[in-house]
Each structure stands twice: as structure tokens, then as C-alpha cells.
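# Build me a structure from this.
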Amino acid sequence: MKRFLIFIFSMLILPAIMLSNTALASSPADLKLFDVGSFEQVVKEKDKKDHLVILWSLDCPPCIKELQKIAVLNQQYPEYQLTLINTDGIEEQTRVETLLKKYTLLTLDNWIFSDTEEEKLRYDIDARWFGDLPRSYFFPIKGKVKRLKGALTSAELLELFQPTLINK
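Below you'll find the predicted structure:
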């Protein structure tokens, strides 16, 4: 009986789940599902430019303020490579997309945690990160990766990209 139920589950439920995940990540404006290994993919896929990755949540007021600053920065400097990773989980997809649309950030590289086991995903990003938000990682062309805690000011965001501005 157990095998029969597993068979029915695999034939009926799993294809529906897989189809919904594929549909979720199909369009560039959609949120991509962030799972173990995604952070490495985010870092490797960027052009040879400075790159900023920002982790955020809907329930984090400093994160929302930071998104507002990023929206302004993105309008002024669309060539910046920015990746936004939402940590709320796939059940918050609609709310996340609504907020990103409000700030015209849907065109950026956007990800959302796919798993409710966020500890596993946090550890995959940084074993020293315990979930404090906002959190950012700056990947300069030259130099060491910078781990940044707390919301970045507009001046700090611009300062991170000074080499990009000078090399324009």
C-alpha cells in the first residue's frame, strides 16, 4: 500500500510541483529559485565588473529602505551589476514581486529562497552568516570580497562602485 501511495504521489503531485518551479524561473523578470549552489552560480555568471549581492526580507524595514536607495542607484547607473536575494521563501513570491515592481527593480537579477530550511541556504552563502539582514556581499574585480552588515547608505553604495565610475 505504501508503494502504491508513493507511486500515485510521484505520478500526480511531483510533475505539478516541477512545472510550477519551471514556470516561476522562466522569465528574466521573474524571481529565480534560490537553492543550495545558487550563490556560486550568481557569482560566476557576472561579467567582469564589480558586483553587489544584497540579501533582504519583506519584514526588515532597513531592507526596504535600502531597496529604495538601490532603485535610485539603478536608475542613475543601470550598468551596475546588482543581484537581489529575498530570504522570505517562495510562499511570499507575490508580495516580493509586488514590492520589486513598486521600486522598478524587477529587471535586476532577482532570486527568492526556494526552501523553508533557510539555515541550509544561509550556510551555503556564508557559514559565518546567522540570518541578520540586510546583508550584502561586494565582489570587486580586484581585491577581496567584502561582507557588509546592515543597510548601506546611498554614499556607501556609490563608494562601492567608484572603480566602475572611474573606468566609464
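
# Which residues are in contact with S38?
32, 111, 124 (Cβ atoms under 8 Å, 6 or more residues apart in numbering). Every residue, glycine included, has its C-beta placed from N, CA and C.

# In TSV, list those along with pLDDT.
Formatted as TSV, these follow (pLDDT from 0 to 100):
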residue	pLDDT
K32	95
W111	97
D124	94
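
# Give the full set of residues in contact with the residue most central in space within the chain.
A centroid search over the chain (Cα atoms, centre = their mean) returns I85, at 1.5 Å, as the residue closest to the centre. In this structure, I85 makes contact with 34, 39, 42, 53-56, 110-113, judged by Cβ under 8 Å, 6+ apart.

# Where does pLDDT dip in the protein?
Across the chain, the ranges flagged by pLDDT under 70 are 1-29, 116, 163-168.

# where do the helices sit along it?
2-24, 38-44, 61-76, 93-102, 118-125, 154-160, 162-166 (DSSP state H).

# Identify all contacting residues around the fifth one.
This means helix 118-125. With Cβ under 8 Å, 6+ apart as the criterion, helix 118-125 contacts 34-39, 55, 87, 89, 113, 115, 129-131, 137.
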